[in-house]
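**Student:** A predicted structure for the sequence below; I have some questions about it.
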Amino acid sequence: MTSWITLYPQWFISERNAIARSYPDFRVDEKALQAGVLLYYGELIVRPSKGSQRHAVRIHFPEGSPFELPIVTPVASLPEFDEEEGAKEHPEPVFFNRRHQMANGSLCLFQRETRGTEGGEWVSATDVLQRTEEWLLGRHTGRWPPDSRESELESHFYYAGDVLLSKTFYSEDVSGFGSFHMVRDIRRILDAVSKEDPPLIVTVITNNTEGVESVYDAREDLENIYPWLGNDAWSPEKLSELEEHKEDDYRKLVAEHGHWWSLPEEPLPFHTGADLLKELQKVAPDDDAWKMVSAAIGTELSVRSTHFFGLRYPGRTGGFEWLVLNVVGKSKETKGGAILLSPNKGDKRRDFENGKVTCYRVHGARPTEIQLRNTSVVRDDVRDKTAALIGLGALGSKAAELLAQAGVGTFRLCDMDRLNTGNVARHVGGLSDFGAEKTRVVMTRLFDINPHLKISATWNESAVSSLNDLARFIAPADITICTTADENVESAINQIAVMTNKPVVYGRAMRSGSMGRVFLVRPGQDPCKMCLGLFARESRDGVGLSEDWIEVTERDEDVLLHECGRPVIPASAVDLSFVASLIARVALDVLEQREPKQNHWLWSREVATDLDSRFDKPLVTVCNSLPRHNDCPVCQEPDIVGAVLSEAVRAEILSHVHLSVSVESGGILLGFVDDERKAVVVRATGPGPKAKKSAARFERDVDFVQAELEQAARDFGRRGLYIGEWHSHLNAEPEPSGRDIMSMCGIAEASNYATRCPIMLIAGIDIDTAEVVTLRTWSFPVSGRVYSIEHEVVPNAGLDARKPV
Amino acid sequence: MSNVAREVIWPSADGNVLVRAVFLHVGQGDSTIFLVKDGDTYRTVLVDINRDEKNGGVDVAKLMKDLLKKEKGKLGVFVNTHPHNDHLRDVVPLSDEVDIQEVWHSGHKPGKDHDDAYQDLQEVIKKVKKKHGDDAETELTASSTVQTMGDAKYHVLAPEEYVKEDIEDEKPEERYRRIHEQCVVVKFGKDHTWVIQVGDADRDAFEKHIMKKRKTKLPSQVLGGSHHGSDTFFKYEKDDTPYKKALQKIDPTYVVLSAPKRSESPHGHPDKDAVKYYEEEAGKDNVLHTGKNRECFICDVFTDGDFEVRSDTKLVNEYGFTDDDGDHEKDESKSKASKAVAPAIITGTQIDHRPMGRTS
């Protein structure tokens, strides 16, 4: 191994010169230097008002010098040096129980903020020593160098492991003292500092405030991320039972418990049981904290040599923090393996006081902590927003993950597939999720990111398995993200979303992942999925009208194989992540109400000037704002979502029906479509003299209704146009017949009716009473989909339309 | 660009430093900054100035310019303890770099050897008076009362007014000594915590004047030791019995000697015996010597009366004259040359002084 001294000799020389100049009494360990390690021993002199004080220190240049800082450690005394000028022994560190002294005794006095220092900053040992002097001086004067608010108390303790504390335990109400119970995450045995010590999860605490005992459990916070914990984990009694049997029953949860107290202020670092008692003295009821502590531990003092403690104290930025410690007492193991503890009281206390304090790093699962890194980057209110994801493959699962990380609060997940081993190469799920529903895989991942988010729906079927379900699925969403790359699914979503005014982001990878197309449809504002289909078709036919549409042709040979008839196209997660990020970015922009000006993004990994001159470099994203297509049947004329009849129109229809209750009757509906896409009927015509009527068939008099239509146009102008048909069925519960449907869809598609969404009203006649008992309405958009729509009867609906516009 | 002087010297707003004394390493000479708390800000006082390029001393004028940048360049008071070169060198450049509001001095006329310094001081006084009026010049005389400056106090203990006029006709050596006898002695602090700067005040100054008239005012926690650690504070001749009563009366916790390394001092400062006497009185670790490791010492007196002393190498690193080969002139020509040929690419390689060889 080449020492840094050989690699950076100039720094070595200048450091040695600087120390010789400023700290001439410091002595280098020549023997260590022979081995390529530069370390010095010397005394720093600090000068408080009582006169100079000397502190022996070791300064050691780590192997990463000069990129790593020299490390100063206060030591008990200077070592003796042997004939070869090497330190005879390396003295133990001296602990001052103050911040900035790490558990190994070294001092950490510099903030590492090198972003503004190009090439980094090489800090000289003389600067480190001078900073050390300031710190050591603080020990005598009480005037410590200013402390940064963020430096962590825990890093000053011996690290023993990790513990999770969920938001419940940070509540204001938890104040006083009590016990806390933990379970071990035995799945994480790899993360254990020692084999018996996997990470801990605090599941429940008891709190005694002014004599009132209460119990707080973290079930609501955590059961989403730890579904395997089961019911026992949230009850102190059940956990205590488990703990008693833990030696002989590893099939169950492994439980631990400890005792905690609230402190009035943040404690200083410390390292022994005696130091802990000193801290707790601040809250002890009498002048001996041991009484309080030993009473809390109780009989366990005789059977256990390690005890957990929690200290709750006011945080530096408001709220509360926790320190979770373990006091490891002296224990002797007998031959039989049993632990032999000190028999008498005094010894027990001495053992405890001499016990070594180790620290479990607290991981707070509070929303503020989880979202800390989004501070002022993502709006807080995305936690109140809902994202619905249709398709949870490489793009969808990744986009969901990104949005959860951004803090989006509610998700709806739809995917029909289960995870197979071939998915893992580009999915957020892993091999250990084999065979699981992708919705479950993503749900678990999202909860792992933020246990406080909600999954308000999981739907393990194709999005087009039920159009009603699809409508219900996207109804509560503030953004819907479709990554299925399935034209049928996209079209179905598009129709519903346009009709219900729901924004949707569509994203797909193309050309084996080397390109990605993302588009945003805010109904009424952006071109819808159908518009883009029209652009694409025109572009392929060479009659492209939109300059901004960039057509990307796919190659059949890209398809690797078909799974359940769906093509599997190879693409690397490396590329797909770009597209997923783009999708998530657009979705987040919508959720944050940034109102993106563009609605169409095309990304290319490679130069693609054949497609567009802007792709003249790799990794370019071209963004456009495409217009809506003038001929789009979906969004230029959105579907009719309801009907409004006036009393008079209703009466007109009924009177026509009652004229011939044994055969069907009918006519056309005239009126207009209001801003809410409701058809307002201002006049219903009769059948006309040449109408053909029978019990199961009706044909209106075409010339008659044409004349009526023209009259209405004269009477009402644009408020008296053709909006649909009405007729009667000799059936109390009428449904559109096959003939009805074929005729209405034909009207929708035919250009001569000048509507893409006619409505149909059927009056149902009870043949026993010869009365009209039901009026039902449907809309027939050009897409071929038929909706049953509600109609309302409003006394004067469309009355103002009776004057020409 | 970072402003090291400001970072190191200016007390932080939230601190409770009442008086900060910064004993600058200026090689063979003296220069001490006093910052005196005045509400939210600090008044600035510079006692003496020196420029010593050979011993790595700091460039005081440059340092003061940086320090006072945020104060619109205003230096409250420049105090000259006595008009000798090693207490006035660079005072004119200082007056160019910062706006000196007042000059306080001992009012002495120096002998020929130190005439340059005297002329420089006169020039600066003229300049300051022109800008800030006749009141900007104060001839200091010992006073029996403590004066107020900002939130703190200061006290002038020397010179005694009545002996200052009669030295003009004396022989140069005699006058040199008499100037030290009538050197300004001033202390800053309050109540029972003081930092005293005695300039080059010698045994006579204390034995004949201060100890007689103002003995009770002497006790101070930090002593800016006399005359760069010369033995003149203790005796007239090498073999005299040392006079330690003044030092004992001052009874300092810390003594700061402003002098280069003894091996680099043309006068053998700080004097071995003198250091011994200081160490006997204050304790070995409590006698600080700026030149020993080429550092500055910062003494803080806090509003609660506590105090502390810290060493600093940053100021020397930033403002110290470099003397790699003990030849600063060469260095300066080097830097001038590199400035003149700024677009190095056009003129090509510029050879400069780069020593090499087996020994270092």
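**Tutor:** Received it, and whenever you're ready, just let me know what you need. Computed from a predicted model, the values in this text were never measured in an experiment.

**Student:** What parts of chain A come near chain B?
**Tutor:** Contact residues (Cβ under 8 Å from any Cβ of the partner chain) of chain A with chain B: A:21-24, A:45-52, A:54, A:126-127, A:130, A:133-134, A:137, A:140-141, A:143, A:146. Glycine gets a C-beta too; all of them are placed from N, C-alpha and C.

**Student:** tell me the SS of residue A:704?
**Tutor:** helix (DSSP: H, G, I helix; E, B strand; the rest coil).

**Student:** what's around it, how many residues?
**Tutor:** 18 (other Cβ atoms under 10 Å in any protein chain shown).

**Student:** Just to check, residue B:76 is in contact with residue B:102?
**Tutor:** Yes - counting by Cβ atoms under 8 Å, residue B:76 touches residue B:102, with 6.8 Å between them.

**Student:** Now go through the residues of chain A next to chain B and say which are in strands.
**Tutor:** A:45, A:46, A:47, A:48, A:54 (DSSP state E).

**Student:** Of those residues, select the buried ones using a ChimeraX command.
**Tutor:** Listed next is the ChimeraX selection for buried residues among those, using 16 or more other Cβ atoms under 10 Å in any protein chain shown:
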select /A:45,46,47,48
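
**Student:** can you list the residues of the stretch 151-300 of chain B near chain A?
**Tutor:** Residues of the stretch 151-300 of chain B lying near chain A (Cβ under 8 Å from any Cβ): B:221, B:253, B:254, B:282, B:283, B:285, B:286, B:288, B:292, B:293, B:294, B:295.

**Student:** What remains of those residues if I keep only buried residues?
**Tutor:** For these, buried by 16+ other Cβ under 10 Å: B:221, B:253, B:254, B:282, B:285, B:286, B:288, B:292, B:293, B:294, B:295.

**Student:** quick one, longest helix in chain B?
**Tutor:** For chain B, the helix with the greatest residue count under DSSP state H is helix B:115-132.

**Student:** what's it in contact with?
**Tutor:** Contacts to helix B:115-132, defined as Cβ atoms under 8 Å, 6 or more residues apart in numbering or on different chains, come from residues B:78, B:80, B:83-85, B:87-89, B:91-92, B:94-95, B:99-103, B:105, B:109-110, B:136-137.

**Student:** and it, how far from the chain's centre?
**Tutor:** Counting by Cα atoms, centre = their mean, to the nearest Å, helix B:115-132 is centred 18 Å from the centre of its parent chain.

**Student:** what does the helix or strand just after it rub up against?
**Tutor:** Per DSSP states H and E, helix B:115-132 leads on to strand B:137-139 as the next helix or strand towards the C-terminus. Residues from elsewhere that reach strand B:137-139, judged by Cβ under 8 Å, 6+ apart: B:102, B:103, B:104, B:105, B:106, B:107, B:125, B:128, B:129.

**Student:** same check, this time on stretch A:527-540
**Tutor:** A:487, A:490-491, A:493-494, A:497-498, A:504, A:506, A:519, A:521, A:544-546, A:549, A:551, A:553, A:599-600, A:626-629, A:631-635.

**Student:** Go through these and flag which are in strands.
**Tutor:** Applying DSSP E to the contacts of stretch A:527-540, the entries found in strands are A:504, A:506, A:519, A:521, A:600.

**Student:** Give me the buried subset of the residues you listed.
**Tutor:** Here, 16+ other Cβ under 10 Å leaves A:504, A:506, A:519, A:521, A:600 buried among the ones in strands among the contacts of stretch A:527-540.

**Student:** C-alpha coordinates for the longest helix of chain B, PDB please?
**Tutor:** The C-alpha atoms that make up helix B:115-132 are tabulated as PDB, following Å, rounded to 0.1, in the frame of the first residue of the first chain:
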ATOM      1  CA  ASP B 115      14.300  61.000  13.600                       C
ATOM      2  CA  ASP B 116      12.600  59.200  10.700                       C
ATOM      3  CA  ALA B 117      10.000  57.700  12.900                       C
ATOM      4  CA  TYR B 118       9.400  61.100  14.500                       C
ATOM      5  CA  GLN B 119       9.000  62.800  11.200                       C
ATOM      6  CA  ASP B 120       6.600  60.100  10.100                       C
ATOM      7  CA  LEU B 121       4.500  60.500  13.200                       C
ATOM      8  CA  GLN B 122       4.400  64.300  12.700                       C
ATOM      9  CA  GLU B 123       3.200  63.800   9.100                       C
ATOM     10  CA  VAL B 124       0.400  61.500  10.200                       C
ATOM     11  CA  ILE B 125      -0.600  63.800  13.000                       C
ATOM     12  CA  LYS B 126      -0.800  66.700  10.400                       C
ATOM     13  CA  LYS B 127      -2.900  64.600   8.100                       C
ATOM     14  CA  VAL B 128      -5.300  63.400  10.800                       C
ATOM     15  CA  LYS B 129      -5.700  67.000  12.200                       C
ATOM     16  CA  LYS B 130      -6.400  68.300   8.700                       C
ATOM     17  CA  LYS B 131      -9.200  65.800   8.300                       C
ATOM     18  CA  HIS B 132     -10.600  65.600  11.800                       C
END
